[in-house]
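[1] Fold the following, please.
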Amino acid sequence: MTNHLEGVYQIHHIFSNINYRFQQLINSSSLRLKIIYCANISNEILRFNKEQIYSLSLNESFSINLIDSLFIYLESLRISSNSSNELLLFISNLQSLPHLKSLTIEMLQCNIDYSQIYYEIFSLKMLKYFKLSIDDYSTSLQMSSFNPNKQMS
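    Residues are numbered from 1 along each chain as shown. Below is the predicted model:
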């Protein structure tokens with residue numbers, strides 16, 4: 001009986017160490033995450049992993065308040081939305097993302113002027129790629145050829 005209990009204790013000890021190591025790996029700041037976010041995923045996943053996410057896809061259930069300056073490694077963002085009511089505010093909030101290089105916005109309808117969207121997009125300094133798809137309208141830009149700070153001669 002004693003040998004059996006010692007074996008159970010050793011197995012428990014081994015697995016608790018493995019669980020601890022997996023927990024440390026998951027919480028490691030060097031681990032980068034790519035997340036596809038949908039309605040059945042809790043906002044807590046995003047809140048607790050902001051510093052680890054490098055790529056994020058959001059659908060229409062997201063809140064504009066989810067994205068903030070704590071997404072320090074976010075490089076790629078894809079947004080699918082049914083409404084444009086908060087789009088400009090959301091895009092202006094992207095200014096706080098220092099490494100954002102790729103932005104894709106997909107919408108079914110847009111009741112704001114496209115020039116307002118582009119104005120906000122062109123102010124994102126690190127952005128290299130932008131794609132806007134609204135119902136049957138689609139355009140994409142390689143941002144490296146565009147520099148808003150460069151003076152025309």
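
[2] who touches residue 67 in this structure?
    Taking Cβ atoms under 8 Å, 6 or more residues apart in numbering, we find residue 67 in contact with 74, 77, 90, 93-94, 97. (Each C-beta comes from the backbone N, C-alpha and C, glycine too.)

[3] ok, now with 10 Å
    Contact analysis of residue 67 by Cβ atoms under 10 Å, 6 or more residues apart in numbering lists 46, 50, 56, 58, 74, 77, 79, 90-91, 93-94, 96-97, 100.

[4] Just want the phi and psi numbers for it.
    Recorded main-chain torsions at residue 67 are phi -90, psi 120, according to degrees, to the nearest 10.

[5] returning to what we had before: among the contacts of residue 67, which ones are in strands?
    Under the assignment DSSP state E, those contribute 56, 58, 77, 79 to strands.

[6] what's around the residue nearest to residue 51 when sequence neighbours are not counted, how many residues?
    Spatial nearest neighbour of residue 51, excluding adjacent residues (Cβ to Cβ, 6 or more residues apart in numbering): residue 72 at 5.8 Å. Residues contacting residue 72 under the criterion other Cβ atoms under 10 Å number 15.

[7] quick one, what contacts residue 72?
    Residues in contact with residue 72 (Cβ under 10 Å, 6+ apart) are 29, 50-54, 96-99.

[8] Which one among the residues you listed sits at the bottom for pLDDT?
    For the contacts of residue 72, the weakest pLDDT value sits at residue 29, with 60.

[9] picking up where we left off before, and which of the contacts of residue 67 is nearest residue 109?
    Nearest to residue 109 out of the contacts of residue 67 is residue 79 (Cβ to Cβ; 14.3 Å).

[10] Check what pLDDT that closest one gets.
    In this model, residue 79 is scored at 86, pLDDT.

[11] what sits against it?
    By Cβ under 10 Å, 6+ apart, the residues touching residue 79 are 56-60, 62, 64, 67, 87, 90-91, 94, 103-107.

[12] same question, residue 71
    The contact partners of residue 71, by Cβ under 10 Å, 6+ apart, come to 46, 49-54, 56, 77, 94, 96-100.

[13] does it sit in a helix, a strand or a coil?
    Put simply, residue 71 is coil when judged by DSSP: H, G, I helix; E, B strand; the rest coil.

[14] for it, phi and psi?
    Dihedral angles (degrees, to the nearest 10) for residue 71: phi -80, psi 70.

[15] That concludes my questions; thank you for your assistance.
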